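**Student:** model this:
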Amino acid sequence: MMKALYNAKVYLDRGIFCDALLIDGSRIVLTGANKEILDTAADAERIDAEGCLVLPGFHDSHLHLHGLGRRAGIIDASKIRSIDELVEAGIALIDRLKPPQGAYIQGAGLSPDSFSGGKRPPNRYDLDRISREYPVIISRHCGHKIFCNSKALELAGIADSAPDIAGGDVERDGDGRPSGIFSENANALVRAPIPPPDKAEMRRSLELAMEQALSCGVCAAASYDTGGPDFEQLLDVYRGIYRENSRYIRLTLQCGVSGKESLLDEYIGRGLRSGRSLLHPPEAPLAAGDSRGNADSFNSPLKMGPLKFFADGTLGSQTAWLNSPYHDKPDTCGFPVIDRTLLQRFIQKAASNGFQTAVHVIGDAGADMALQCFESITQKGGNPLRHALIHCQITGRPLLERMAVNRILAMVQPIFLADDMYILESRVGRERASTSYAWATMDKLGIPVSYGTDSPVSPLSPLLGIACAVTRQDMENRYPAGGFFPDEKVDVYTAVDAYTAGSAYACFDEQRMGRIKPGYLADLVLLDRDIFTIPHEEIKNTQVVLTMVGGKIVYRR
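**Tutor:** Got it, this is the predicted structure:
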């Protein structure tokens, strides 16, 4: 049955709106004035938008859907402001869940930089106050640094000593013993004994996360949920969700290689490539002339995306790789987590087998290394596989100009700045801070940009990201006055487009998603305020009224 959505303010393109649209099945077939739409399909189901703003469904270009869903059963440390609060939260979780003996007590979202009073991160002895019987592992909010108790170290076989790890760091106390603080590749030492989740647990987590996404107006996402070994299990769970569940978001899988060439070879050996539908076996033939996907990729809600690599760590943990030393820790520049020669070989091999690649880069040295690798396989104005840099935070004009020349994509998270603005100048100095998180410069240079959240690292709501992109202030709009290096603000149109059309482009979906126009999928979000006209400070308070995926209402407030 056709649906007519009317009495709305429908965003079509910059400065262009209409009153109504007509949906046939899963697709938009017509946009126009109220009378035109209602007269065209007099028998259509009518949906009165009651003056709401209608946007294309939000599309998060980089998050962790499985990690988001798992937060329900772990310590949510995002609002914890002291070690004592963390200990209390851990004890309360054990009391509430009463986990079986040997179960890991995990937490995520911790930001010692936000602690009131001392900023000291928790060590093994602090977390021993949560439990000496259960192993405890807490992730910093970036996910690149972990804090664990003595039991976790004991189970990992590193209670008294630990090896040096290339691309990682093991902090040690005054006696040379591991302090319980690990970074980057060293995290695997402690995580190795943790049993993987079973399929039932994975499905529960993914469905919970999808429900949350729909309530935020997120109709599509690119999700990094696998580092390689659990790919088949994850894929089986996703296929079950899409075959049996009528409420879902469209998904492009960003798949990790974990720095192991054997995993890269496994992806290639499966017959996969970026853009393929994953609802069917990879042996299904390609459509004629289609270099990326199956014949049904246009309609598939589950597709293969890029292979993901890591160049460096994070700014907060001082593991992002910088071209010059940290302003507040001059004895380090951070470090790469992979050798440049190895990264280049991986990227070249992936690209030659039809894979888009995306590289996590936060520091300018990490970005430079990744760009060198991309420059070896692209040419001026040509990046047909749409290779991308994820995060792309610490930059300078020359680096961004290199991205623009070869149209290297930037998958950025504006919401990061709401926290990072408090530490950025202390980490990298004012000069480098002024050329970082440079969203306006990226737009002016013509770099293809897509927005996301990296959730659960940051809150999932795209409206918070849009607010941060246009104000460059914290979520209370109190700091700093006028915005953090305000020349890098973007307007609302640019931010909305990056969260819709930009993310669709990053996933090769610009011919079916990201705009409200005939022939495109009816993925829509209705908002209770017109974010194009209200004061920018009010955007964060805007509410999602209704979310529609493929013409079907999947969330209503």
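
**Student:** tell me which residues in the longest helix anywhere in the chain are buried?
**Tutor:** In the chain, assigned by DSSP state H, the helix with the most residues is helix 199-215. Neighbour-count burial for helix 199-215 flags 202-210, 212-215 (criterion: 16 or more other Cβ atoms under 10 Å). Heads up, the C-betas are built off the backbone N, CA and C, glycines and all.

**Student:** Adding pLDDT and distance to V29, write the residues you listed out as TSV.
**Tutor:** As requested, the buried residues of helix 199-215 are exported to TSV (pLDDT from 0 to 100; distance: Cβ to Cβ, whole Å):
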residue	pLDDT	distance to V29
M202	91	37
R203	93	35
R204	88	37
S205	91	36
L206	95	32
E207	93	31
L208	90	34
A209	94	31
M210	96	27
Q212	95	30
A213	97	26
L214	98	23
S215	97	27
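
**Student:** which one of those sits closest to D419?
**Tutor:** Nearest to D419 among the buried residues of helix 199-215, counting by Cβ to Cβ, is Q212 at 20.4 Å.

**Student:** show me the contacts for the closest one.
**Tutor:** Contact analysis of Q212 by Cβ atoms under 8 Å, 6 or more residues apart in numbering lists L68, G69, L460.

**Student:** repeat for D236
**Tutor:** Contacts for D236 were tallied using Cβ under 8 Å, 6+ apart; they are K199.

**Student:** Among the contacts of Q212, name the ones in strands.
**Tutor:** Judged by DSSP state E, strands contain none of the contacts of Q212.

**Student:** Looking at pLDDT only, which of the residues you listed scores worst?
**Tutor:** Among the contacts of Q212, G69 carries the weakest pLDDT, at 90.

**Student:** Check whether that residue really touches A209, as I assumed.
**Tutor:** Yes. Using Cβ atoms under 8 Å, G69 is in contact with A209, at 3.6 Å.

**Student:** so what strands line up beside whichever helix or strand comes after the longest helix of the chain?
**Tutor:** As assigned by DSSP states H and E, the chain's next helix or strand after helix 199-215 is strand 218-226. Strand pairing for strand 218-226, determined by DSSP bridges: strand 58-63 (parallel), strand 250-256 (parallel).

**Student:** I'd guessed F309 sits against F355; true?
**Tutor:** No. The criterion here is Cβ under 8 Å, and F309 misses it with F355 at 10.9 Å.

**Student:** re earlier: of all the strands paired with strand 218-226, which gets the most neighbours per residue?
**Tutor:** Most buried of the strands paired with strand 218-226, by mean neighbour count (mean count of other Cβ atoms under 10 Å): strand 58-63, with a mean of 29.

**Student:** any idea how far A388 is from D331?
**Tutor:** 32 Å (Cβ to Cβ, to the nearest Å).

**Student:** Those two - which one has more neighbours?
**Tutor:** A direct count of neighbours by other Cβ atoms under 10 Å for A388 and D331 places A388 higher, at 29 against 6.

**Student:** wouldn't the more buried one be in contact with I408 here?
**Tutor:** Yes. Applying Cβ under 8 Å as the test, A388 and I408 come out as touching, 6.8 Å apart.

**Student:** Is there a neighbour count for the closest residue to L110 other than its chain neighbours? I'd like the number.
**Tutor:** Leaving out its chain neighbours, the residue that sits closest to L110 by Cβ to Cβ, 6 or more residues apart in numbering is A77, at 3.9 Å. Applying other Cβ under 10 Å, we find 23 residues neighbouring A77.

**Student:** repeat for the one 3 residues further on
**Tutor:** Around I80 there are 24 other residues, counting by other Cβ under 10 Å.

**Student:** With the one 10 residues further on instead?
**Tutor:** The local packing count at G90 equals 26, with neighbours defined by other Cβ under 10 Å.

**Student:** what comes up buried for stretch 417-426?
**Tutor:** Buried, per 16+ other Cβ under 10 Å, within stretch 417-426: L417, A418, D419, D420, M421, Y422, I423, L424, E425.

**Student:** Measure how far it is from the centre of its chain, please.
**Tutor:** What separates the centre of stretch 417-426 from the centre of its chain is 19 Å, taken as Cα atoms, centre = their mean, to the nearest Å.

**Student:** Look at it and report the distance between its end residues.
**Tutor:** 14 Å (Cα to Cα, to the nearest Å).

**Student:** Phi, psi for the closest residue to L460 other than its chain neighbours please.
**Tutor:** Leaving aside its chain neighbours, L460 sits nearest to C216 (5.1 Å; criterion: Cβ to Cβ, 6+ apart). Note on C216: backbone dihedrals following degrees, to the nearest 10 are phi -100, psi 0.
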